[in-house]
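Asks: After the sequence you'll find the predicted model.
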Amino acid sequence: MLLAMPRRLLPLMTALLFITAAHAERPLFDAHLHYNEADAHVFTPEQIVDILRHEHIRHAVVTSTPPQHAAILFEHAPQRIIPFLGIYRQAGDKQNWHQDGLLPDYVEQQLEDGLWRGIGELHIFAKHRHSPVLRRLVKLAARHDLPLLMHCDPAVIDTIYEIEPAVTVIWAHAGTYPYPDLLADYLHRYPRLYVDLSVRDNRIAPDGKQLADRWYNLFVQHPDRFLVGVDTFSTNRWREYGVVTRSIRSWLQQLPQDVAQRLAYHNARRILLPSKPD
């Protein structure tokens with residue numbers, strides 16, 4: 001009981017009642033953002049960068065449909081923005097990209113300029129996991145030493161690592177079945193698999209309050225394998241950006257400080273900016 005007390009009550013009280021300004025402004029590395037065509041019609045690049053600066057986002061992974069919007073945002077804030085190559089040139093590509101035999105050549109051409117720091121987000125599910133297009137993109141990512149941001153089933157993760165064991169994968173949204181036991185199993189299987197926790201805050205801390213035991217244990221047991229993110233999947237999500245980051249910071253407060261720091265910032269920095277001075 002004496003050991004359980006600090007684990008369950010003190011971190012929660014700290015998070016909900018005594019959050020200092022310094023804690024509330026903990027720098028974050030947002031590992032999952034979109035700046036799509038619809039967003040660009042509402043928010044200028046300067047406004048997006050202001051949002052990130054105001055919310056103490058030191059670095060942010062940004063992808064876009066079409067991909068040039070992420071490139072433009074990078075031009076405005078190259079020290080803050082980590083551009084990922086979005087493979088969708090229009091919204092409909094999200095459903096059928098895995099059937100586009102010309103896509104890998106396009107991606108290979110885009111990677112030649114050296115701008116892109118990753119590929120994705122790629123949406124694909126188990127029935128399409130043997131797509132030759134996916135196979136070529138996995139090989140391209142491995143050859144260029146770029147992470148793949150995957151929105152997918154566990155079976156797709158298995159297939160990717162059958163294709164290329166050395167590729168780095170960031171599993172968006174803790175996967176399509178975000179269960180701690182399943183995630184622990186996959187982290188044991190694949191040393192180069194990392195988990196992006198975007199849009200899973202209500203699972204991690206139900207009702208925005210206490211961090212669930214199973215998630216707490218998962219993070220403490222695998223502190224180097226998780227990343228946080230907001231996922232601006234809609235224009236309205238950009239409007240709510242500060243609300244979401246406060247929710248993330250609230251459950252991070254309930255972790256041991258070193259674990260919280262890794263999830264909040266250091267893991268993403270190690271994976272995505274390995275040779276860049278801070």
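Replies: Looks like it arrived, so ask away.
Asks: from here on, contacts and neighbour counts on C-alpha atoms
Replies: Will do.
Asks: Quick check: Pro206 touching Ala212?
Replies: Yes. Proximity of Pro206 to Ala212 meets the contact threshold set by C-alpha atoms under 8 Å, at 7.2 Å.
Asks: which ones are touching Ile204?
Replies: Contacts for Ile204 were tallied using C-alpha atoms under 8 Å, 6 or more residues apart in numbering; they are 211-212, 215, 251.
Asks: Which single one of the residues you listed is nearest to Val156?
Replies: Set against Val156, the nearest of those by C-alpha to C-alpha is Trp215 (23.1 Å).
Asks: and the helix or strand hosting that closest one, what does it pack onto?
Replies: Taking DSSP states H and E as the definition, Trp215 sits inside helix 213-221. If contacts are counted by 3 or more C-alpha pairs under 8 Å, 6 or more residues apart in numbering; DSSP states H and E, helix 213-221 sits against helix 180-189.
Asks: So what touches the helix it packs on?
Replies: In contact with helix 180-189 (C-alpha under 8 Å, 6+ apart) are residues 174, 193-194, 214-215, 218, 222, 225.
Asks: Now the two most distant members of these.
Replies: Leu193 and Arg214 (19.6 Å).
Asks: These two: which is more packed in?
Replies: Remark: of Leu193 and Arg214, Leu193 carries more neighbours, 22 against 12, as counted by other C-alpha atoms under 10 Å.
Asks: which non-adjacent residue is nearest that one?
Replies: Val169 (5.0 Å; C-alpha to C-alpha, 6 or more residues apart in numbering).
Asks: Next, find the distance separating the one you found from Ala91.
Replies: Going from Val169 to Ala91 by C-alpha to C-alpha, to the nearest Å gives 23 Å.
Asks: What's the local residue count around Asp181?
Replies: By other C-alpha under 10 Å, neighbour count at Asp181 equals 12.
Asks: thinking Ala70 is in contact with Val62, fair?
Replies: Yes. Using C-alpha under 8 Å, Ala70 is in contact with Val62, at 5.9 Å.
Asks: Which one of these two is surrounded by more residues?
Replies: Using other C-alpha under 10 Å as the criterion, Ala70 and Val62 rank with Val62 on top: 30 against 27.
Asks: The more buried one belongs to a helix?
Replies: No. Val62: not assigned to a helix; according to DSSP: H, G, I helix; E, B strand; the rest coil it is strand.
Asks: which residues does it bridge with?
Replies: Leu33, Pro83 (DSSP bridges).
Asks: In contact with it, which residues are there?
Replies: Contacts of Val62 by C-alpha under 8 Å, 6+ apart are 31-35, 70, 81-84.
Asks: Would you mind giving the residues you listed as TSV with distance to Glu25 and pLDDT added?
Replies: Listed next are the contacts of Val62 as TSV, based on distance: C-alpha to C-alpha, whole Å; pLDDT from 0 to 100:
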residue	distance to Glu25	pLDDT
Ala31	17	98
His32	19	98
Leu33	19	98
His34	22	98
Tyr35	23	98
Ala70	25	98
Ile81	19	98
Ile82	21	98
Pro83	24	98
Phe84	26	98
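Asks: Secondary structure element for the nearest residue to His130 once chain neighbours are set aside, which one?
Replies: Leaving out its chain neighbours, the residue that sits closest to His130 by C-alpha to C-alpha, 6+ apart is Thr159, at 7.5 Å. For Thr159, the host element (DSSP H and E) is helix 154-163.
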